[in-house]
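> Need coordinates for the following:
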Amino acid sequence: MSTDLIPTLAAARKAHQMTQAQLAENAGLSRMTVQRTEGGDLDPRYSTLAEMARVLGMDIIAVPSSLRPSLEAFIQSGGKFLGQPEGVDAPPSVVDGLRR
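Numbers count the residues shown, from 1 in each chain. Got it, this is the predicted structure:
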C-alpha cells in the first residue's frame, strides 16, 4: 500500500474541518479505527480506507507503478496533457477535479 494514502486521507479530513469522530460516524467505523489508522498503529483493510475516502468525496484508484511518475507529473503540471503545446491549458474541469 502506498505510504502517502493515509496522510492524504488525514489531510482531506482536516481540510473538510471534520473530526476523527465525525469521519468515523459517517463511514460506519469506530473513532479508534480512524485514530489508529491515521496514527499508523493499524494496518487497515481496503474497505476501511475506501469508506473513509468515500465520506471525504474521494476515490481510491489503482495505478500501475510504471505510470505513477507520469500521472504525478500530469497532476503537478496543473493537468496539462503531456506533449501539449506551451500556453495551452487543460479544461478547467480536469484541473479543478484533481486539486480537490
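> quick one: residue 52 from residue 60, how far?
Residue 52 is 9 Å from residue 60, where distance means Cβ to Cβ, to the nearest Å. In this view, the C-beta of every residue, glycine as well, is placed from N, C-alpha and C.
> And residue 27, by the same measure?
13 Å.
> Comparing the two, which shows the higher neighbour count?
Higher neighbour count among residue 27 and residue 60: residue 27, with 19 against 15, using other Cβ atoms under 10 Å.
> isn't the more buried one right next to residue 55, touching?
Yes - with contacts counted by Cβ atoms under 8 Å, residue 27 reaches residue 55, the gap being 4.7 Å.
> Point out where this structure drops to low pLDDT.
For the chain, the stretches flagged by pLDDT under 70 are 1-3, 79-100.
> Which parts of it are helices?
Under the criterion DSSP state H, the chain contains helices at 5-15, 20-27, 31-39, 46-55, 68-76, 92-99.
> Pull out the buried residues from the fifth one.
Neighbour counts using 16 or more other Cβ atoms under 10 Å place residue 74 of helix 68-76 among the buried residues.
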